[in-house]
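> Sharing a model that was predicted from the sequence below.
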Amino acid sequence: MLAELEHGAPPVSIDFDDSGSWLVTQDAAHALRVWKPADNGASIITRQASSFWNTAFSAGFLLLGSLDQGYEVVRLPEAIPLGPVLHHGVPTRREAPTGFAGWTRFAAGEGIALTYDGSRAVRFWQVSTAVDAEPVGDGRPTQIHAAALDRTGRQVALATGAGDVRILPMGEQPLLLPGAPGEPAFIGHLAPVTAVRFDRTGDAVASGSLDGSVRIWEAATGAPRPFFSSHVDGAVHDLVFSPDGQQLASASRGIVMVIDTQSGALLAQTAIQSSQPQLAVGPQGDVIYVAGDRGGLTRWVWRGGVIENMLTLDAGVTRVALSPDGRFLVVADGARRIRLIDAGFGESLGSPRLVPAAVDRLWFSAKGDRVIAQAGLWVHTFSTAAGELDYLATRRLSRSPVALQPLGDRASVLTITGVSRPSLSKINLLSPLTADMQQLSPPSMSDLEAMIGLTLTDWGEPRTLN
């Protein structure tokens, strides 16, 4: 016998790479391990999640991840993570018994990764296999798990897999906060950060973690406020400050809670059912909208304890944003449609608009006369002046952003080309499609399509190759 490999629960998946040098196992408790059997069965990677893991080996690299946690590229045999975490997201109507299982394909030589959610969406990612980041205390690069820009695009908050948040002005190389060499200046979370948001002034940052903890940080000093709040049911999926910054709402799959941002005191909470909830808050801070609750849109008046199902769509509600005056909502569904909604009556205004990919983020402009939607590489701008969504312009980015912040006719776009090397650019939201139309070279795309047996239509739908 060469080795005996142990899990804490019965194994449900065992796979070798093509060379037989590496073994990937996962158990019924969603613990994943990567082993090198030739080295006495040593486990070099261990991960824990709440859903099924997907893995793909390619040319000395490993793509691993899950739909709820995201995907990462790891270099073997050092187990060094490369590039940012790729967040595909969970389909709106997938049920927990399926394990949220999708699949992945990976072509390291071409720098291309593919993720599929088992429902409708196939996403292609451009990934880096270069180690270009400075190491932290254990000698490995700092991996960015989430990021946010303030409303002016002048500050960036970078949240890491080590559980800390680093807040720096853009223009500096945001790798480490001041402190001991190779270490963050403050203790943050005890698990990877899953969400991070600025308040409207840019003075505070909220973060939520895989272990359900919530923290608020002072942007000026980078120090966390002296309290923890926590979701008892698991990972934090979204955060939103009230307009005055006095309250913070956070959402896990089963709970939305509101805390006081100065003391951390719990002010209210309510139960939801959502695989990937997303929040919007009213202009007075007392109304919270929850996209994805039971597949629809829920309105919660938390001060009065009133909760109601406001909108149900066949394809589910995945994203929501509220106009600054609170009169209109814009929602996205699982069929890639965007709708303008009367916030008072819950009625659709005009026809829905179709976009080429699943919507990642929605915003209203400061005046409420425009809606901006980011869907993968695409950034769409619509006018609401006529009381419905009218198309204005579309931009295609060269790389998927980790954060985007509209401001007037322009937007700040944050991308990460390595593990922890952010790059900030500005785009004009109303300019026509010109230089941003960067396509993969035909040989690279053809090779990838042949490998997976799929291609994409003009609208981003997967189609089997003949």
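Nice, thanks for sending it over. Residues are numbered from 1 along each chain as shown.
> OK, contacts around Val413?
Listed by CB atoms under 8 Å, 6 or more residues apart in numbering, the contact set of Val413 reads 397, 401, 403-404, 424-427. Every C-beta, even on glycine, is put in place using the N, C-alpha and C of the backbone.
> Can you pull out the low-pLDDT segments for the stretch 301-450 of the chain?
417-421, 432-450 (pLDDT under 70).
> and if we set it to 50?
434-443 (pLDDT under 50).
> For it, which segments count as helices?
442-452 (DSSP state H, counting those that start in this stretch).
> returning to what we had before: out of the contacts of Val413, which end up buried?
Burial by neighbour count, 16 or more other CB atoms under 10 Å: within the contacts of Val413 this picks out 397, 401, 403-404, 424, 427.
> Can I get those residues in a markdown table including distance to Ala121?
A markdown table is the format used below for those (distance: CB to CB, whole Å):
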| residue | distance to Ala121 |
| --- | --- |
| Leu397 | 18 |
| Pro401 | 17 |
| Ala403 | 21 |
| Leu404 | 19 |
| Leu424 | 27 |
| Ile427 | 24 |
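> Return the closest of these with respect to Ile14.
Ile14 lies nearest to Pro401 out of the buried ones among the contacts of Val413, by CB to CB, at 36.7 Å.
> Please name the nearest non-neighbouring residue to the closest one.
Excluding the flanking residues, the one nearest Pro401 by CB to CB, 6 or more residues apart in numbering is Val413, at 4.9 Å.
> how close does the one you found get to Val232?
Using CB to CB, to the nearest Å, Val413 is found at 36 Å from Val232.
> can you check Leu414 too?
Using CB to CB, Leu414 is found at 32 Å from Val232.
> Look at these two and report which has more neighbours.
Ranked by neighbour count (other CB atoms under 10 Å), Leu414 and Val232 place Leu414 first, with 21 against 9.
> Now do the same contact list for the residue lying closest to the more buried one once chain neighbours are set aside.
Spatial nearest neighbour of Leu414, excluding adjacent residues (CB to CB, 6+ apart): Ala403 at 4.1 Å. By CB under 8 Å, 6+ apart, the contact set of Ala403 is 147-149, 156, 413-414.
> packing partners for the helix or strand encompassing Leu248?
Using DSSP states H and E, Leu248 sits within strand 247-251. Judged by 3 or more CB pairs under 8 Å, 6 or more residues apart in numbering; DSSP states H and E, the packing partners of strand 247-251 are strand 204-209, strand 213-218, strand 238-241, strand 255-260, strand 278-281.
> and Leu349, bridged to which residues?
Judged by DSSP bridges, the bridge partners of Leu349 are Leu340.
> Next, work out how far apart it and Pro277 are.
Using CB to CB, we find Leu349 at a distance of 24 Å from Pro277.
> Of those two, give the one with the bigger neighbour count.
Shown here are Leu349 and Pro277; by other CB under 10 Å, Pro277 has more neighbours (24 against 17).
> ok, for that one, nearest residue in space, not its chain neighbours?
Nearest-residue entry for Pro277: Ala251, 4.1 Å, with adjacent residues in sequence omitted and distances by CB to CB, 6+ apart.
> Could you do Gly326 as well?
Excluding the flanking residues, the one nearest Gly326 by CB to CB, 6+ apart is Pro283, at 4.5 Å.
> Please work out the average pLDDT along stretch 188-206.
Mean per-residue pLDDT for stretch 188-206: 92.
> just to revisit the earlier point, can I get the contacts of Ala403 in TSV with distance to Asp390?
Converted to TSV, those look like this (distance: CB to CB, whole Å):
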residue	distance to Asp390
Ala147	31
Ala148	29
Leu149	27
Val156	33
Val413	24
Leu414	28
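> Out of the residues you listed, the closest to Ala191 would be?
For the contacts of Ala403, the residue nearest Ala191 by CB to CB is Ala147; the value is 17.4 Å.
> okay, now Ile255: neighbour count?
Per other CB under 10 Å, the neighbour tally for Ile255 reads 18.
> Pairing partners for it in the sheet, please.
Beta-bridge pairing for Ile255 (DSSP bridges): Ala271.
> State the distance from the most centrally placed residue in the chain to Glu72.
Per CA atoms, centre = their mean, the C-alpha nearest to the average position across the chain is that of His87, at 4.6 Å. Separation of His87 from Glu72 (CB to CB): 10 Å.
> and if you look at Ser229?
Noted for Ser229: a distance of 27 Å to Glu72, by CB to CB.
> if we can go back for a sec, looking at it, the residue nearest to Pro277 is touching Val236, isn't it?
Yes. Using CB atoms under 8 Å, Ala251 is in contact with Val236, at 7.1 Å.
> what's the closest non-adjacent residue to Asp286?
If the residues on either side of it in the chain are set aside, Asp286 comes closest to Arg303, at 4.6 Å by CB to CB, 6+ apart.
> ah, wrong one, I meant Arg225
Leaving aside its sequence neighbours, Arg225 sits nearest to Ile216 (CB to CB, 6+ apart; 4.8 Å).
> neighbours of that neighbour, just the number please.
Neighbours of Ile216 (other CB under 10 Å): 25.
> Also Ala29?
Neighbours of Ala29 under the rule other CB under 10 Å: 13.
> so what's it closest to, chain neighbours aside?
Closest to Ala29 by CB to CB, 6+ apart is Ala9, at 4.0 Å.
> Please identify which helix or strand holds that neighbour.
Per DSSP H and E, there is no helix or strand for Ala9.
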